[in-house]
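In: Sequence and computational prediction follow.
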Amino acid sequence: MPDYTTACPRNCYSTCSMLVEVENGRVRRIEPHPGNRAAPGGLCLKGLSYAERIVSPDRLLRPLGRAPGVDGLHPVSWDEALERIASRLLDLRERHGPQSILYCSGSGTKGLLNAAGMHFWRLFGGCTTTYGDLCWPAGLEATRLTLGENKHSAPWDIVNARLIILWGKNPAETNIHQMRFIDQALERGAKLVVVDPRRTESSERAELLVQPRPGSDGALALGIAHLLCRNDRFHHEFVERHCLGFPEFSELVREYDPDHASRLTDVPARTIERLSGLLADTRPATLCAGFGMQRYTNSGQTMRAMIALLAITGNIGQPGSGWQFANLQSAVFDAVKDPLAFYPPEESDGVVRVSISTARIGQDMLATRDPELKMAWVERGNPITQNPETPAVLQAFRALEFRVVVDQFLTDTAREADIVLPAKSLFEQSDVIGAYWHSYIQLKQKILDPPPDVKPETEIYRLLAMKLGIRGEVLSQYFPGPADSEVEEWVERKLAPFPELTLARLREGPVPAPGNQEIAFSDFVFPTPSGKIELLSREAARRWDVDPLPRYTTPIEFTEQRQKKYPLHLITPNTKNRIHSQFGNLRMIRDVSEPLEVSISPVDAARCGIADGTLVRVFNDRGSLELPARLDFSLKPGCLSIPNGWWISEGGTVNFLSCGRETDMGHGAAFHDVLVEVEKAAR
């Protein structure tokens, strides 16, 4: 029997529970924990690769520093690294104030102890930090405005669906455990529809594959709604009881007849009619929306239009039905469980300046004044690779006087640092984590001691605080001591308000979050201002200056003039063996991964005189990449596809081509508004 129960803390749907066997201080075997009903069948390759990740020869095992006049990073002692950081912090606070320092934390790992960073900066006297998020805020805000809360039914409930729509989602690669439930539903007679410009692995069992023009999904949803309303195929009783603004919504969708919607989306009118018929005739229906399509400048309104399809057909609150996007029922420790947590405060609290948009991080860093930014501290993220508009991000980081990065590997961002501090692995400190697809609370249990010169982030902050003269009770309140018992005492204090959650119980396996609702909205309570599903949202208009109805607008980048110069839509999907820029540096991942290529349809390849394997240049006025071309018959003509997550040192990041823009709501990153052209490379 394996020795330990723990859980994967990565930014991933499944948040798998794991049983880990240790022998002679090394991980010998990793298996799935059967107590996690959402992910019982096996771990993905990334989860299995933890056995390599913690002993990788590329793992950072001691601090690195950059010496004046010497190229590159070199090993330094912890004392020297902390002294240099403390000296810089004190100097910058004296000369420019604490808000000259940017604290930038990503979402590379989940956990309660991640809050230690902001506690440190408040004790220091302040900092500047980011707002918004790269991942999903437009969809979160659209869901909150429409349904009142971000939650969905338990993952296994989809087995009860008779119709499943995967809209902009490819779970066969990015949410592999969901495919197990979808397969069970199909075996019971359910129908599967996939909406995606690519023919993905998830579409192989689909009854219908719909390939819209990127960014036009809102128009497609409204075209379907037009037919449901015109043909009187909506659910009258549900709409009357539970929906606000249906008369106005039905008037709006009159504009989106099948021919008009077809022109906007490039989807044949007969396909739109077929989609409408499936939704009208097949209940219950579940719509699973991916994160990619809510990274456009029109995507909040797009997601509202998609939710409206479920509302007007009565597919909410019943087994097998509903909207699957984000399930924040495990966020019981958070003060706020909705997208408001991503908003900048209305007024600064005088200590922490929340002024850097995550979507525009490079532009905003360069534009910051009073005071200018002089230093950055980065943890749990790789913004130079993953944030939009990499050229601007690089310029902004290189303009700083001093940079500190905490990471396990020498990422593109770490390579720009003056000090790099080695981070712990998931097995080297206990913590409690939630999830965003299922609602389990889990203990990420300590299994191994960290290598001698690696310290958990809480210990880094504790030691640095002491260098700055911060001691006493305030220190222990926010930063547990290095002993395992001190960490567990800290965690137990966080668990104390929830009698169902104890360390003893969590050591046995995952525990459902207190108050978990297995069928979301089964009580038909919608915590919106009206208490109903809001097809018309006055809050949306007031807060985000958008139409109170989910009206379609073309993404900002996709103007007729710009499309003449850059006629191809760039799609940047995730791949099954990476989580964005994580894991790709491991040998076992590289051995089974395809090389970095640009996929192009034969139609577009013929226009440009490109053959399979040709080295091509993909470019726009923001940057370029040179990659081999792969002719792909599954890709919609007019699109190029390059997977995201590759480092600059591996051949280049897709964010050389993206623009730092925000979504229409939620302060998300609209970096899928990208048009490019392709040509044969000069060399």
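Out: Looks like it came in fine.
In: Tally up the residues packed near the closest residue to D484 other than its chain neighbours, please.
Out: Distances taken as CB to CB, 6 or more residues apart in numbering place K446 nearest to D484, at 6.1 Å, with adjacent residues excluded. Any C-beta I mention is one placed from the backbone N, CA and C, and that applies to glycine too. Neighbour count of K446, defined by other CB atoms under 10 Å: 20.
In: Quick check: the gap between K446 and R205.
Out: Going from K446 to R205 by CB to CB, to the nearest Å gives 41 Å.
In: Toward the C-terminus, what is the element adjacent to the lengthiest helix in the chain?
Out: In the chain, with assignment by DSSP state H, the single longest helix is helix 78-95. The helix or strand immediately downstream of helix 78-95 is strand 101-105, counting by DSSP states H and E.
In: Can you give me the buried ones in that following strand?
Out: By 16 or more other CB atoms under 10 Å, the buried positions in strand 101-105 come out as 101-105.
In: Please apply the same query to stretch 461-477.
Out: 461-465, 468, 470, 475.
In: What lies in contact with that stretch?
Out: With contact meaning CB atoms under 8 Å, 6 or more residues apart in numbering, stretch 461-477 is reached by 78, 82-83, 85-86, 89-90, 116-117, 119-120, 123-124, 455, 479, 481-482.
In: Report the buried members of the residues you listed.
Out: For these, a burial check counting by 16+ other CB under 10 Å picks out 78, 82, 85-86, 89, 116-117, 119-120, 123-124, 455, 479.
In: Could I get the contacting residues of the residue nearest the centre of the chain?
Out: Residue closest to the mean C-alpha point of the chain, counted by CA atoms, centre = their mean, is C135 at 3.1 Å. Going by CB under 8 Å, 6+ apart, C135 touches 11, 107, 291, 668.
In: Out of those, list just those in strands.
Out: The strands in this structure, assigned by DSSP state E, contain none of those.
In: who's in contact with the longest helix of the chain?
Out: Applying CB under 8 Å, 6+ apart, the set of residues contacting helix 78-95 is 62-63, 65, 76, 98, 100-101, 124-125, 374-375, 401-402, 404, 418-419, 421, 453, 455, 463-464, 467-468.
In: Show me the protein divided up by domain.
Out: 4-53, 76-132+344-512, 138-328, 560-680 (automatic domain parsing).
In: among the ones you listed, which is the most enclosed?
Out: domain 138-328 (a mean of 22; mean count of other CB atoms under 10 Å).
In: how far is that one from where the chain is centred?
Out: 20 Å (CA atoms, centre = their mean, to the nearest Å).
In: And for stretch 36-43?
Out: So, by CA atoms, centre = their mean, the centroid of stretch 36-43 is 21 Å from its chain's centroid.
In: Tell me the span between the first and last residue of it.
Out: With CA to CA, to the nearest Å as the measure, stretch 36-43 spans 12 Å from end to end.
In: out of the contacts of C135, who's nearest L244?
Out: Comparing the contacts of C135 against L244 with CB to CB places G668 closest, at 24.8 Å.
In: Touching, that closest one and A142? I think so.
Out: No: if you go by CB atoms under 8 Å, G668 and A142 don't touch, sitting 10.1 Å apart.
In: quick one, phi/psi of the nearest residue to I571 once chain neighbours are set aside?
Out: Spatially, and ignoring its direct neighbours in sequence, I571 is nearest to S641 (4.5 Å; CB to CB, 6+ apart). The phi and psi values for S641, taken as degrees, to the nearest 10, are phi -130, psi 120.
In: Return the residues in contact with S641.
Out: Counting by CB under 8 Å, 6+ apart, S641 touches 198, 570-573, 598-600, 632, 635.
In: Could you tell me which of those are located in strands?
Out: Per DSSP E, the contacts of S641 map to strands at 570-571, 598-600.
In: Tell me the secondary structure of A465, please.
Out: Counting by DSSP: H, G, I helix; E, B strand; the rest coil, the backbone at A465 sits in helix.
In: Figure out the helix or strand that A51 lives in.
Out: helix 50-53.
In: Can you list the strands that the helix or strand just after that helix pairs with?
Out: The C-terminal neighbour of helix 50-53 among helices and strands, as given by DSSP H and E, is strand 64-65. Taking DSSP bridges as the criterion, strand 64-65 forms sheet pairs with strand 74-75 (antiparallel), strand 419-422 (antiparallel).
In: low pLDDT regions in this protein?
Out: For the chain, residues meeting the criterion pLDDT under 70 lie at 1-2, 335-350, 683.
In: check which helix or strand covers the closest residue to A435 other than its chain neighbours.
Out: Distances taken as CB to CB, 6+ apart put T15 closest to A435, at 3.7 Å, once the chain neighbours are dropped. Taking DSSP H and E as the criterion, T15 maps to no regular element, lying outside all helices and strands.
In: Next: A221.
Out: Applying DSSP H and E, one finds A221 within helix 217-230.
In: what's that helix packed up against?
Out: Helix 217-230 sits against helix 246-252, helix 258-265, helix 269-281, helix 299-312, with contacts defined as 3 or more CB pairs under 8 Å, 6 or more residues apart in numbering; DSSP states H and E.
In: now with 10 Å?
Out: strand 163-167, strand 191-195, helix 246-252, helix 258-265, helix 269-281, helix 299-312 (3 or more CB pairs under 10 Å, 6 or more residues apart in numbering; DSSP states H and E).
In: sec struct for V678, please.
Out: V678 - assigned by three-state DSSP - is strand.
In: Isn't Q329 up against P155?
Out: No: at 12.0 Å, Q329 does not count as touching P155 under the criterion of CB atoms under 10 Å.
In: Which neighbours do the two have in common?
Out: 435, 438-439 (CB atoms under 10 Å, 6 or more residues apart in numbering).
In: Could I get those residues in CSV, plus columns for distance to T553 and secondary structure?
Out: CSV is the format used below for the shared contacts of Q329 and P155 (distance: CB to CB, whole Å; DSSP: H, G, I helix; E, B strand; the rest coil):
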residue, distance to T553, secondary structure
A435, 33, coil
H438, 34, coil
S439, 34, coil
